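**Student:** I'll drop the sequence and a predicted model, then ask my questions.
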Amino acid sequence: MTVDNKMLRMGVAGCGRMGQIHINNMLDMRFITVTAVCSVIKAELDWALNTIDGVVTFEDFDDFIDSDRFDAVLIVTPGNLHHDQVIAAMHHGKHVFCEKPLSTDAKSAWNIYYESLQFPDLKVCCGLPRRYVTPYVEAARKIRNGDIGKVTTVRSQTTDLRLEGDHFVNYVKNCGGIFVDSCVHDIDACLYLIGEDKTPATAFSTGTTNVWPLFRQFGDVDDGMGLVTFESGDVIMSVYGCRNNPHGHHTMTEIIGTKGRILVNGQPRLFALDISDEKGTYMEAPDTQMTAFGYAFKLEIEAFRDWLLYNTEPNFNLKDAAKAVSIGSALMDSLRKKDLTKVNLY
């Protein structure tokens, strides 16, 4: 599939919030068409029928993945379903774009990675959009160029605006934990910026539930801090996750090297504006990750399309995606055991 006049036919499994974002993005792209959608929720299928011309809908995933109506599948279902669905897609000859995390547990994530090696003709990736956020791409370029010397420390955070309601609580209950769900973005960004295939060794984390005491029942926190070491002993990773940021979403990453440092998104700016009035001088912050980095979600799908149609080299790294789940899972284990934990790479 390398001829430039081909059209990539995409099936989508999962048509909730993120599924609809991806679908709307694809409807605005050239050389890609959404031909099939699968969901167990009738309202989502109705949305697809009303939004996508000529789409065919499925309630059963087995029937969906067995269909010949699409060449690649976008999996946007809950994380605990990713393993079985990605494996099934590969065995049905489909290219796969899987939303993060690759899986909610390390063993399943690595099983996907090793299984993908058995299908060299298929392209399989996990969508972690910071690899397509412009400042991160530029930071990676400068690091590869040696601008800050050898990387010694990477630290990254994802702090989200506080949400309310049963939907949010149920999401947290089933997401795999703050380090697997939210901070997987930070972990993968750090692996991307380090730029070498480093093997993680140990993880230690701690956290609090001052805002959401209920999260203790899930073995989770609303503020968590983690520290990761690597077998090479020459680099340290630190990640911070927060689910109750009062001023909105703030992603920030710092990379320290032997010759300097790079700070990505040090201030939570929605726009490059400083506003001065009777209240003083201030900036406006984005409310969500989508507001801050929404364009990157489109760029990653375009990169997946071009990878399939034209064999262009993407920023995706399935091994790093599995490694990120291993690190996130180890941090969750450390949080619950209150002790240092070994990072298991299966």
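**Tutor:** Now that the structure is in, tell me what you want to look at.

**Student:** quick one, domains of the protein?
**Tutor:** 8-130, 133-295+323-342 (automatic domain parsing).

**Student:** dump the ones you listed into TSV; add mean pLDDT, mean neighbour count and distance to Ile301 as well.
**Tutor:** (Glycine included, C-beta is placed from N, CA and C.) Output for these, formatted as TSV (pLDDT from 0 to 100; neighbours: other CB atoms under 10 Å; distance: least, CB to CB, whole Å):
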stretch	mean pLDDT	mean neighbour count	distance to Ile301
domain 8-130	97	19	6
domain 133-295+323-342	94	18	11
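
**Student:** of all these, which one comes closest to Phe316?
**Tutor:** Judged by CB to CB, the one of the domains of the chain that comes nearest to Phe316 is domain 8-130, at 3.7 Å.

**Student:** quick one: classify Ser67 as helix, strand or coil.
**Tutor:** coil (DSSP: H, G, I helix; E, B strand; the rest coil).

**Student:** so what's it up against?
**Tutor:** By CB atoms under 8 Å, 6 or more residues apart in numbering, the contact list for Ser67 reads Gly11, Ala36, Val56, Phe58.

**Student:** those in strands, which ones?
**Tutor:** Among the contacts of Ser67, the ones falling in strands (DSSP state E) are Gly11, Ala36, Val56, Phe58.

**Student:** can you tell which of the domains of the chain is closest to Tyr310?
**Tutor:** domain 8-130 (9.4 Å).

**Student:** and the closest residue to Pro129 other than its chain neighbours, what element?
**Tutor:** Leaving aside its sequence neighbours, Pro129 sits nearest to Ala296 (CB to CB, 6 or more residues apart in numbering; 4.0 Å). For Ala296, the enclosing helix or strand under DSSP states H and E is helix 289-310.

**Student:** for that helix, packing partners?
**Tutor:** Applying 3 or more CB pairs under 8 Å, 6 or more residues apart in numbering; DSSP states H and E, we find helix 289-310 packed against strand 8-13, helix 17-27, strand 72-75, strand 95-99, strand 124-127, strand 250-257.

**Student:** so what touches the second one?
**Tutor:** The list of residues contacting helix 17-27 from outside it, by CB under 8 Å, 6+ apart, reads 10, 12, 15, 32-34, 37, 39, 44, 47-48, 51-52, 74, 76, 99, 290, 294, 297-298, 301.

**Student:** how far off centre is that helix?
**Tutor:** Distance of helix 17-27 from the chain centroid (CA atoms, centre = their mean, to the nearest Å) equals 15 Å.

**Student:** same deal with stretch 212-228?
**Tutor:** Offset of stretch 212-228 from its chain centre (CA atoms, centre = their mean): 19 Å.

**Student:** ends of it, what's the gap?
**Tutor:** End-to-end distance for stretch 212-228: 25 Å, by CA to CA, to the nearest Å.

**Student:** I'd like the numbering to begin with 14 instead of 1 from here.
**Tutor:** I'll keep to 14 as the first residue from here, and by that count the last item is stretch 225-241.

**Student:** contact partners of it?
**Tutor:** Stretch 225-241 has contacts (CB under 8 Å, 6+ apart) with 182, 185-186, 190-192, 196, 200, 213, 215-224, 249-257, 340, 343-345, 347-349, 356.

**Student:** in helices, which of these fall?
**Tutor:** Residues of the contacts of stretch 225-241 located in helices (DSSP state H): 182, 185-186, 191-192, 200, 340, 343-345, 347-349.

**Student:** for this structure, identify the residue most remote from the centre.
**Tutor:** Distance from the C-alpha centroid of the chain, by CA atoms, centre = their mean, peaks at Glu291 (40.1 Å).

**Student:** could I get the helices and strands packed on helix 302-323 as a markdown table with distance to Asn324?
**Tutor:** Compiled in a markdown table, those are given as follows (distance: least, CB to CB, whole Å):
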| stretch | distance to Asn324 |
| --- | --- |
| strand 21-26 | 13 |
| helix 30-40 | 20 |
| strand 85-88 | 14 |
| strand 108-112 | 12 |
| strand 137-140 | 14 |
| strand 263-270 | 30 |
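
**Student:** wait, which of these is closest to Ser129?
**Tutor:** strand 137-140 (4.4 Å).

**Student:** contacts for the closest one next, please.
**Tutor:** 99, 103, 108-115, 125, 129, 310, 313-314, 317, 320, 327, 329, 331, 334.
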